[in-house]
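Trainee: Fold the following and give me the result.
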Amino acid sequence: MPITRCSLQKQQSLEAVYSALVNDANSPVWAEIGYTMLAFLELINKTFPGTPLWGLTSHDRLVLLTNDDAYSTWWVIISCLGQKEIYFEYLMPSEKAPWPGATVRGSAASLEEAKRYLIIAMKESGGWPNNPELETQWQEVMAQ
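Mentor: Reported below is the predicted structural model:
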């Protein structure tokens with residue numbers, strides 16, 4: 001199941017949002033961000049073809065949700081600065097967090113590294129418990 005834009009923002013697909021950035025003739029930086037995020041969406045869809053995922057956009061950021069509810073927990077947030085870095089932030093589970101709402105942040109320098117960070121963020125956030133695709137991907141990441 002490809003990642004789907006949250007119903008609250010149903011006026012455009014996620015691909016349309018980032019394609020609009022690609023086509024922004026006024027800013028080559030936005031275009032780079034759009035290209036990178038489109039590639040990242042493709043990566044998500046290839047990595048988790050059977051996992052229900054919803055995305056919410058906040059400006060150019062992509063928020064990953066476990067259900068179609070914009071007001072549910074924001075487990076993982078992804079943003080980028082063109083093709084140079086893809087930034088990740090994930091919510092720590094309450095039993096590991098030093099305070100309520102604590103997050104972990106990091107950045108990946110390539111799409112390959114971003115795939116690894118995506119898997120880590122999804123697993124470590126606890127937002128997708130007992131997900132077979134995530135468990136398989138997690139085992140591959142841990143074996144590296």
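Trainee: separation between the most centrally placed residue in the chain and Glu42?
Mentor: Centroid-nearest residue in the chain, with CA atoms, centre = their mean: Ile78, separated by 4.7 Å. Plainly put, Ile78 is 13 Å away from Glu42 if you go by CB to CB, to the nearest Å. For the C-beta atoms, the positions are set from N, CA and C on the backbone; glycine is no exception.
Trainee: correct me, but Val141 touches Ile119?
Mentor: Yes - using CB atoms under 8 Å, Val141 is in contact with Ile119, at 5.0 Å.
Trainee: Just want to know which of the two has more residues nearby.
Mentor: A count of neighbours by other CB atoms under 10 Å puts Ile119 above the other of Val141 and Ile119, at 21 against 15.
Trainee: Quick check: phi and psi on that one?
Mentor: According to degrees, to the nearest 10, the main-chain angles of Ile119 amount to phi -60, psi -50.
Trainee: excluding its backbone neighbours, what's nearest it?
Mentor: Nearest non-adjacent residue to Ile119, counting by CB to CB, 6 or more residues apart in numbering: Gln137, 4.6 Å away.
Trainee: Check which residues of the one helix or strand that neighbour maps to are buried.
Mentor: Using DSSP states H and E, Gln137 sits within helix 132-143. Neighbour counts over helix 132-143 (16 or more other CB atoms under 10 Å) mark Leu134, Gln137, Trp138 as buried.
Trainee: One more: stretch 13-28?
Mentor: Ser13, Leu14, Glu15, Val17, Tyr18, Leu21.
Trainee: got a list of contacts for stretch 123-141?
Mentor: 47-51, 64, 66, 73, 75-76, 90-93, 104, 116, 119-120, 122 (CB atoms under 8 Å, 6 or more residues apart in numbering).
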